[in-house]
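**Q** A predicted structure for the sequence below; I have some questions about it.
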Amino acid sequence: MSSMHFDQFAGDYKQVLDKTVAISGEDSAYFAEYKARYLARMLSRDFSGKVLDFGCGIGLLSGFLKQHLPQSRIDGFDVSRESLDHVDSALVEQGLFTSNADLLAGDYDLIVLANVMHHIVVAQRQMVIEDIAGHLAPHGKLAIFEHNPANPVTRRVVDRCPFDKDVTLLAPSETSQYLRKARLRLVRNDYIVFMPRLLSCLRPLERCLAWLPLGAQYALIGEKHV
Ligand SMILES: C[S@@+](CC[C@H](N)C(=O)[O-])C[C@H]1O[C@@H](n2cnc3c(N)ncnc32)[C@H](O)[C@@H]1O
């Protein structure tokens, strides 16, 4: 996929996504904050390390990462320069938001890829993960969030999403293989996001369902050996 692909959506990325996920009764912010909360639970709120939001787009997740991990430094990387122009100025003041991979540090404590992998052509996925793993500090973690292709509602949402045309979704088994081949130890493998807004009273149960392959998305975390 061309690096320019997301440039055309930069101005109205959030609105397009809000419309696409409306079937859940939630908006794009709900899904971004869900991921930030998940990571804050894994790391603890006092985490004060360096984070890279790889494929940060307009910085929707980055903002929630800063909110839920307030002592961390958040950097962002994206191939879409126009998306980066929309990143909030407060984020840009505290970290580096760039499309130049040569500027990225080599000692990130956490690197997050949220719904980025399915935009990378299959033949390049392993190489991209290995490159990213090379930017982790010892014991650093790589967190990958992806759409769950086994969930029919997710597949329907992806089919209708204007920027998901021609993407190839990845099952957790494919994603975990990339992590293993990049010599990262798999430390979490969780299904997430089960309940639409209509069933929000049942959301406290979601953490107990992490094993159930029906979540709309999944999260895998790999850790770098020393
Ligand atoms: C669906 S958006 C997700 C944006 C953000 N992670 C979020 O959760 O809101 C996918 C993003 O991945 C970026 N992307 C695609 N291929 C990439 C690559 N090889 N390297 C870095 N970013 C990439 C796109 O430009 C786009 O901003």
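**A** Thanks, I have the structure now.
**Q** what's the spacing between the residue most central in space within the chain and Leu199?
**A** Among the residues of the chain, Ala114 comes closest to the average C-alpha position under CA atoms, centre = their mean, at 1.2 Å. From Ala114 over to Leu199 the distance is 23 Å, taken as CB to CB, to the nearest Å. (Each C-beta comes from the backbone N, C-alpha and C, glycine too.)
**Q** Point out the residues in the chain that sit beside the ligand.
**A** By the criterion of CB under 6 Å from any ligand atom, the positions of the chain lying close to the ligand are 6, 32, 55-57, 60-61, 77-80, 83, 114-116, 119-120, 128.
**Q** CA atoms only for stretch 18-32, dumped as CSV, please.
**A** The C-alpha trace of stretch 18-32 is given here as CSV (Å, rounded to 0.1, in the frame of the first residue of the first chain):
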residue,chain,number,x,y,z
ASP,A,18,-16.8,7.3,13.5
LYS,A,19,-19.2,6.5,10.8
THR,A,20,-17.7,3.1,10.1
VAL,A,21,-17.8,1.9,13.7
ALA,A,22,-21.2,3.4,14.4
ILE,A,23,-22.8,-0.1,14.3
SER,A,24,-21.2,-0.6,17.8
GLY,A,25,-23.0,2.4,19.2
GLU,A,26,-19.5,3.9,20.0
ASP,A,27,-17.1,6.2,18.2
SER,A,28,-13.5,6.0,17.2
ALA,A,29,-12.4,7.5,20.5
TYR,A,30,-14.0,4.6,22.4
PHE,A,31,-11.8,2.1,20.6
ALA,A,32,-8.6,4.2,20.9
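**Q** could you give the mean pLDDT of it?
**A** Computed over stretch 18-32, the mean pLDDT rounds to 95.
**Q** Give me the contact list for that stretch.
**A** Among residues not part of stretch 18-32, those counted as contacts by CB atoms under 8 Å, 6 or more residues apart in numbering are 14, 17, 60-61, 63-64, 114, 153, 156-157, 160-162, 193, 196-198, 216-217.
**Q** Quick check: phi and psi on His147?
**A** Geometry field for His147 lists phi and psi as phi -70, psi 140, criterion degrees, to the nearest 10.
**Q** Skip the chain neighbours and tell me the closest residue to it.
**A** Of all residues beyond its chain neighbours, the one nearest His147 is Thr154 (4.9 Å), with distances taken as CB to CB, 6 or more residues apart in numbering.
**Q** Equivalent analysis for Gly222, please.
**A** Leaving aside its sequence neighbours, Gly222 sits nearest to Leu184 (CB to CB, 6+ apart; 3.0 Å).
**Q** before we move on, back to that, mean confidence for the helix or strand encompassing the residue nearest to His147?
**A** In this assignment (DSSP states H and E), Thr154 forms part of helix 152-160. Here the mean pLDDT over helix 152-160 is 95, rounded to a whole number.
**Q** Is it correct that the residue nearest to Gly222 is in contact with Gly134?
**A** No: applying CB atoms under 8 Å, one finds Leu184 not in contact with Gly134, separated by 11.1 Å.
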